[in-house]
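Asker: Generate a structure from the sequence data that follows.
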Amino acid sequence: MKKFVFTLDKVLDYKEQVENNLRSEYSQRMDRVKKQERYIDSLNAEFAGVRNEFEARKKQGCTVNVMVAYDGYLNNLRKNTEKEKEQLAVLKKEAEQKRKEMVAAKVETSSFEKLKEKKQKEYEKTALKKEEQFIDEFVSNTASLVKQGQESMAGRA
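Answerer: Residues are numbered from 1 along each chain as shown. Okay, the predicted model is just below:
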């Protein structure tokens, strides 16, 4: 019996490759998002540390120049954090877009896989019918030969 051949195997392979590439790209995007979130967390921690240090210095008494320097640094950290949060939003949007592309590719791949399964079941069903038909013909032919052999033996007797 011939082996089952899915005529769209090359297309299915291509769809799987596209899906795997998109999955990899999505993973890279999510790594960037996580890295950016960690960076923002570090900026927030630095801000909190500097603010606490500033409050402690104010209680001990410090010059106006030191206060201006702390205030400027804290404002700079605030602005930098906001800028990094905007960048995080962009990265999340890119990751979400890649996720949507990945899901769409998975749907396409799944439809080809289901089609392949359906075609394989049809092939197996047809092959089983042919095998049953062959067995029926074989049994019928064998029975005819046995009957002919018995008739020719009866004719000789």
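Asker: From now on I want contacts and neighbour counts done on CA atoms only, so please keep to that.
Answerer: Fine.
Asker: for this structure, which helix is longest?
Answerer: Longest helix of the chain, by residue count under DSSP state H: helix 64-156.
Asker: chain center to that helix, what's the gap?
Answerer: Centroid separation for helix 64-156 versus its chain: 10 Å, with Cα atoms, centre = their mean, to the nearest Å.
Asker: what about it, average pLDDT?
Answerer: Averaged across helix 64-156, the pLDDT comes to 91.
Asker: helices or strands up against that helix?
Answerer: Judged by 3 or more Cα pairs under 8 Å, 6 or more residues apart in numbering; DSSP states H and E, the packing partners of helix 64-156 are helix 9-60.
Asker: Distance from the helix it packs on to the middle of the chain?
Answerer: Helix 9-60 sits 20 Å away from the centroid of its parent chain (Cα atoms, centre = their mean).
Asker: tell me the angle the longest helix of the chain makes with helix 9-60.
Answerer: 160 degrees (axes from the mean of the first three to the mean of the last three Cα atoms, to 10 degrees).
Asker: Look up the closest residue to the residue most central in space within the chain, ignoring the ones flanking it.
Answerer: By Cα atoms, centre = their mean, the chain has its centre lying nearest to residue 23, at 4.6 Å. Leaving aside its sequence neighbours, residue 23 sits nearest to residue 102 (Cα to Cα, 6 or more residues apart in numbering; 6.0 Å).
Asker: check contacts around the one you found.
Answerer: By Cα atoms under 8 Å, 6 or more residues apart in numbering, the contact set of residue 102 is 19, 22, 23, 26.
Asker: where's the last one relative to residue 2, distance?
Answerer: Distance, residue 26 to residue 2, by Cα to Cα, to the nearest Å: 41 Å.
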